[in-house]
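Undergrad: Build the 3D model from these lines:
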Amino acid sequence: MKINVTTVKIGFFLGFLGLFLASHFEDIDIPSDQIISFLGYYCLATTMLLFSLNKYQEPINPISVYSVFIFLLSYSFIRLADAQIGYSFNTLLVINISIFSYFLGTCFKVDYKPIKLFKINNKLRRTFIYGICILAFFTFILECMRFGYIPVLQIGSVDIYNETNDKLIPFLHYFIILLGFVPAWSYILFKQEIVSKKEFHFFCFLTLIVLINYLSRQLYLMTGFSFFVAYSFYNVVNFKRIIISAVSVIVIFFSIGYLRFKSDSPVSYSEFSRAYAGIDNKEVNFFESIIVEYASKRFSALNEAVNYGDRINYLGKGMYTFRPLTSLLLLEKTGVIKRDDNLDTENLVATYAIDPYLDFWFFGVVFLNVFYGFILSRYFAQFRNNYNEAIVKFSIVFFCIIMAMFVNYFNTMLVWLGLVFNKILIGGIITNKLESE
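TA: Residues are numbered from 1 along each chain as shown. Below you'll find the model as predicted:
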């Protein structure tokens, strides 16, 4: 197997960075056992990343995206915050089996061609996407009547997210969720000459008008990411510029926050961020505080949930994995099933790894992670081989892995609806010649 020069350069950079971080941790008096654990998982993440770059010859692939999760995991072994404690044996088993099983799932080689379930002519596809948009707008009007106001006009005076969330109309609100995929779907249909450019613009405008009234970050991220993947499928995209732009936006975002904080507070931004994250060590900088607060503590929450579940011998029996079905059947709202408040994984934000364990113990950890790795690898292969159907599917599952650091998006209605309706609307379209060819 030929080794890419760029891969070697990345390997040297990550190796140097790992040694630098280890030296830094030693300078701020981090115990050696924590540094050793950090280096072990850091090396694992680096190895998986380099392996994936050499195997797929593409920066974005099923293994490289998962390596981000492991890099953040490695940092969590450095206990900087007071709330962080050592992981229990079962927590380490959940983590390690999840990693191994996911990697195993990506290694399966099967026929990547999409399964044909529906035969829909292009006229019906066009009617179908119009139907989704009309029903979504109709639902939006009804929900505004139920709210008593148009949410976007009350942003400064009302807690929109919490006030409106309890007043959403069951079943009909699913069309609002589907609207998040409409820009990507309509762009695909436009490139396949099924809808016109004006219709594509209309669908995007309608999506913006409706979704701006629902402060759902996950829906916004999914909408933006799925459209970007659709655009990059048909057009040549400079990924280096995208990465530089993304890093620049993040730096500017934090810089503006720093300047605003500096002008209003007698304490430094680093002091504030350390206090917010519960860190006493004054040698910890602002960026480390952010990683601790938004990444390392997620693994601490995972540890607490695993330990609590073990103490009460909890077995969810699919309550978490099949949450969209329980939501569709109103089983939770009617009280037919009830989750333990201490194991409400959406509020705990205990990474994606907790749900399979709570549902089926270690059998769930193995089976579901193999499945996650398998479907992302399958959809990635379809995407690389220019199947239109794979555009939104790949973006959905890719999004789930990116967000694995926080919660399990594989078991959300957003993901399930997106996959089902994508099969109906886009499945079976014959790909037009790419613009880049």
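
Undergrad: where in this protein is pLDDT low?
TA: 1-3, 111, 118, 156-162, 238-270, 272, 276, 428-437 (pLDDT under 70).

Undergrad: following the longest helix seen in it, which helix or strand comes up?
TA: In the chain, assigned by DSSP state H, the helix with the most residues is helix 354-384. Beyond helix 354-384 on the C-terminal side, the first helix or strand identified by DSSP states H and E is helix 389-402.

Undergrad: and the angle for that following helix with helix 354-384?
TA: Following axes from the mean of the first three to the mean of the last three C-alpha atoms, to 10 degrees, one obtains 150 degrees for the angle between helix 389-402 and helix 354-384.

Undergrad: tell me the contacts of the nearest residue to F380 once chain neighbours are set aside?
TA: Nearest residue to F380, sequence neighbours excluded (C-beta to C-beta, 6 or more residues apart in numbering): P62, at 5.2 Å. Backbone N, C-alpha and C define where each C-beta goes, glycine included. For P62, the contacting residues are 52, 56, 106, 373, 376-377, 380, 401, by C-beta atoms under 8 Å, 6 or more residues apart in numbering.

Undergrad: And the strands in this protein, which stretches?
TA: Taking DSSP state E as the criterion, the chain carries no strands.

Undergrad: follow-up on the earlier one: report the buried members of the contacts of P62.
TA: Neighbour counting with 16 or more other C-beta atoms under 10 Å marks 52, 56, 106, 373, 376-377, 380, 401 as buried within these.

Undergrad: TSV please, covering the contacts of P62 and showing distance to L206.
TA: Output for those, formatted as TSV (distance: C-beta to C-beta, whole Å):
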residue	distance to L206
S52	38
Y56	37
T106	37
G373	36
L376	31
S377	35
F380	31
I401	30
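
Undergrad: From those residues, pick the one nearest V349.
TA: Ranked by distance to V349 (C-beta to C-beta), the contacts of P62 are led by I401 at 16.3 Å.

Undergrad: was I right about that closest one contacting N369?
TA: No: contact criterion C-beta atoms under 8 Å: I401 and N369 do not qualify, at 10.9 Å.

Undergrad: got a list of contacts for stretch 143-159?
TA: By C-beta under 8 Å, 6+ apart, stretch 143-159 touches 160, 163-164, 167-169, 173, 176, 212-215.

Undergrad: Filter the residues you listed down to the buried ones and hand me the ChimeraX line.
TA: In ChimeraX syntax, the buried subset of the contacts of stretch 143-159 is picked out as below (16+ other C-beta under 10 Å):
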select :160,164,173,176,213,214,215
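
Undergrad: nearest to I35, of the contacts of stretch 143-159?
TA: L215 (40.7 Å).

Undergrad: how near is that closest one to Q154?
TA: Counting by C-beta to C-beta, to the nearest Å, the separation of L215 from Q154 is 11 Å.

Undergrad: Please apply the same query to S289.
TA: S289 is 34 Å from Q154, by C-beta to C-beta.

Undergrad: Looking at these two, which one has more neighbours?
TA: S289 (24 against 16; other C-beta atoms under 10 Å).

Undergrad: With adjacent residues omitted, what lies nearest to that one?
TA: S273 (3.8 Å).

Undergrad: re the thing from before, out of the contacts of stretch 143-159, what pair is the most spread apart?
TA: Longest span within the contacts of stretch 143-159, C-beta to C-beta: I169 and I212, 18.6 Å.

Undergrad: any chance of the contacts of stretch 143-159 in JSON lines, with distance to F147 too?
TA: Shown next, in JSON lines, are those (distance: C-beta to C-beta, whole Å):
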{"residue": "I160", "distance to F147": "9"}
{"residue": "E163", "distance to F147": "7"}
{"residue": "T164", "distance to F147": "6"}
{"residue": "K167", "distance to F147": "6"}
{"residue": "L168", "distance to F147": "9"}
{"residue": "I169", "distance to F147": "11"}
{"residue": "H173", "distance to F147": "12"}
{"residue": "I176", "distance to F147": "13"}
{"residue": "I212", "distance to F147": "14"}
{"residue": "N213", "distance to F147": "9"}
{"residue": "Y214", "distance to F147": "11"}
{"residue": "L215", "distance to F147": "13"}
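
Undergrad: tell me which of the contacts of stretch 143-159 is nearest to P114?
TA: Using C-beta to C-beta, those come closest to P114 at I176, 27.1 Å.

Undergrad: And the closest one, how far from F322?
TA: Using C-beta to C-beta, we find I176 at a distance of 22 Å from F322.

Undergrad: Now do the contacts for Q57.
TA: N4.

Undergrad: One more pass at 6 Å, please.
TA: With contact set as C-beta atoms under 6 Å, 6 or more residues apart in numbering, Q57 has no partners.

Undergrad: Next up, phi/psi of it, please.
TA: Main-chain torsions, Q57, degrees, to the nearest 10: phi 60, psi 30.

Undergrad: so F181 touches L417, yeah?
TA: No: judged on C-beta atoms under 6 Å, F181 makes no contact with L417 at a distance of 8.3 Å.

Undergrad: Give me the more crowded residue out of the two.
TA: F181 (29 against 19).

Undergrad: So that one versus F380, what's the distance?
TA: 19 Å.

Undergrad: wait, what's in contact with the nearest residue to K317 once chain neighbours are set aside?
TA: Once flanking residues are discounted, K317 sits nearest to D359: 6.6 Å by C-beta to C-beta, 6+ apart. By C-beta under 6 Å, 6+ apart, the residues touching D359 are 316, 318, 320-321.
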